[in-house]
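# Just the structure for this:
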Amino acid sequence: MEKAIAKAGALIEAMEYIRQFRGRIVVVKLGGSVLDDASLQKKLLTDIAFMATVGMQPVIIHGGGKAITRAMNEAGLEPVWVQGLRYTDERTLTIAEHTLVHKINTPICEMLTELGCEPMGLHSLSSCVLFAEILRLAGEDGRKVDLGLVGQVVNINAQLLKTLCADGTIPVIASVAKDKAGGKLNVNADSAAGKVAAQVGAEKLVVVSDTHGIRTDIEDPDSWVSSLNETQIKEMIEAGIITDAMFPKVEACLTALEAGVRKTHIIDGRIEHSLLLEIYTDKGIGTEIIKSA
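Modelled structure (predicted):
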């Protein structure tokens, strides 16, 4: 009886959030272990299916860094990293595209279909919604650093995404973009997610990763913070607390907030129902990043 009462209480708590977010777009960026573990992935996609069932309009965008590295190793290629980004030549791009589309995007769509949803894979081998230009990083001597076929997303086909959402379809976007000439560019999935959330006018951006939100002390798991604003985040970046893999995730959240997205979240996809707990409960389970007052 107590379990049943607790379950009913959870539903009542969720009701107000369900009302609030009905008909609103929520961008979910999938990364980390969720993409490598079929069991984890199914649990998270079940959360997304629930969101769609109660009237939210999820948009999924994913990367696939670990799978791409494995595929490169199998092909006898050694990944080259430049300032934390993968140098991408033609052969690397072909492997990345094949991996992102056939090994990650298609299985996600198949799983969502099994869960009763209507997904649509959007990528460079079908309808591409990400448009980018070549990314050049600043080197120590002031010269631009060449990353090969690596892009920076500059535009999104927001109209197509909104139309699909309104029709009850879940867009599933792979992180390969097209340039002005129709060529293909490898893009960072976190950065792309921030741009997508910004341009579709999303209610929320949720970045699913292998980290339990943001810590004030990287070495101390108990220093996790449940809520931060833009000013606090920028101070943490300047202090060197937010670095490396966390930086593009936080940067994506700031991009979304600056465009009017109300709330952004970074959550640990390894925790069961982390997505639902973050969206539909008062306390949440990761770190929310909000606009400064």
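
# now the helices for the stretch 101-250 of the chain?
106-114, 158-166, 189-200, 230-238, 246-258 (DSSP state H, counting those that start in this stretch).

# Any chance of JSON lines for those helices, columns distance to residue 220?
(C-beta placed from N, C-alpha, C; glycine too.) Listed next are those as JSON lines, based on distance: least, Cβ to Cβ, whole Å:
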{"stretch": "helix 106-114", "distance to residue 220": "34"}
{"stretch": "helix 158-166", "distance to residue 220": "39"}
{"stretch": "helix 189-200", "distance to residue 220": "24"}
{"stretch": "helix 230-238", "distance to residue 220": "14"}
{"stretch": "helix 246-258", "distance to residue 220": "15"}
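
# Determine which stretch of those is the most buried.
helix 189-200 (a mean of 27; mean count of other Cβ atoms under 10 Å).

# just the angle between it and helix 158-166, please?
80 degrees (axes from the mean of the first three to the mean of the last three Cα atoms, to 10 degrees).

# quick one on the thing from earlier: show me the one of the helices of the stretch 101-250 of the chain that comes nearest residue 173.
Nearest to residue 173 among the helices of the stretch 101-250 of the chain is helix 189-200 (6.9 Å), distances taken as Cβ to Cβ.

# sorry, back to before: adding mean pLDDT and distance to residue 279, write the helices of the stretch 101-250 of the chain out as CSV.
Shown next, in CSV, are the helices of the stretch 101-250 of the chain (pLDDT from 0 to 100; distance: least, Cβ to Cβ, whole Å):
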stretch, mean pLDDT, distance to residue 279
helix 106-114, 97, 18
helix 158-166, 97, 16
helix 189-200, 96, 14
helix 230-238, 90, 20
helix 246-258, 92, 15
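
# Contacts made by stretch 94-106 with the rest, please.
35, 62-64, 67-68, 71-72, 75, 77, 88, 121, 123-125, 172, 174-176, 184, 186 (Cβ atoms under 8 Å, 6 or more residues apart in numbering).

# in that stretch, what counts as buried?
95, 96, 97, 99, 100, 101, 104, 105, 106 (16 or more other Cβ atoms under 10 Å).

# need those residues in TSV with distance to residue 156, can you?
Output for these, formatted as TSV (distance: Cβ to Cβ, whole Å):
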residue	distance to residue 156
95	25
96	20
97	19
99	22
100	17
101	19
104	20
105	17
106	22
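
# just those now: which is nearest residue 2?
residue 104 (41.1 Å).

# For the closest one, which non-adjacent residue is spatially closest?
Nearest residue to residue 104, sequence neighbours excluded (Cβ to Cβ, 6 or more residues apart in numbering): residue 64, at 4.7 Å.

# what's around the one you found, how many residues?
By the criterion of other Cβ atoms under 10 Å, residue 64 has 24 neighbours.

# For it, give me the backbone phi and psi.
phi 170, psi 40 (degrees, to the nearest 10).

# picking up where we left off before, which stretch among the helices of the stretch 101-250 of the chain comes nearest residue 180?
Among the helices of the stretch 101-250 of the chain, if distance is taken as Cβ to Cβ, the winner is helix 189-200, at 16.4 Å.

# Could you list the low-confidence segments of the stretch 101-250 of the chain?
Within the stretch 101-250 of the chain, no stretch has pLDDT under 70.

# so residue 267 makes contact with residue 274?
Yes. Using Cβ atoms under 8 Å, residue 267 makes contact with residue 274 at a distance of 4.8 Å.

# Name the residues contacting each of these two.
Counting by Cβ under 8 Å, 6+ apart, the residues touching both residue 267 and residue 274 are 208, 285, 286.

# Pull up the gap between residue 249 and residue 117, please.
Separation of residue 249 from residue 117 (Cβ to Cβ, to the nearest Å): 25 Å.

# So for residue 18, which of the helices of the stretch 101-250 of the chain sits nearest?
Counting by Cβ to Cβ, and looking across all of those, nearest comes helix 158-166 at 16.8 Å.

# Run through who's touching the closest one.
So helix 158-166 is contacted by 25, 57, 59, 120, 122, 127, 129, 170-171, 196, 199-201 (Cβ under 8 Å, 6+ apart).

# Out of those residues, the closest to residue 140 would be?
Of those, the one sitting nearest to residue 140 (Cβ to Cβ) turns out to be residue 196, at 32.3 Å.

# ok, now which ones touch the closest one?
Residue 196 neighbours (Cβ under 8 Å, 6+ apart): 27, 59, 61, 129, 130, 156, 158, 161, 173, 202.

# Test my guess that the first one contacts residue 195.
Same thing as residue 27. No. Residue 27 is beyond contact range of residue 195, at 9.8 Å (criterion: Cβ under 8 Å).
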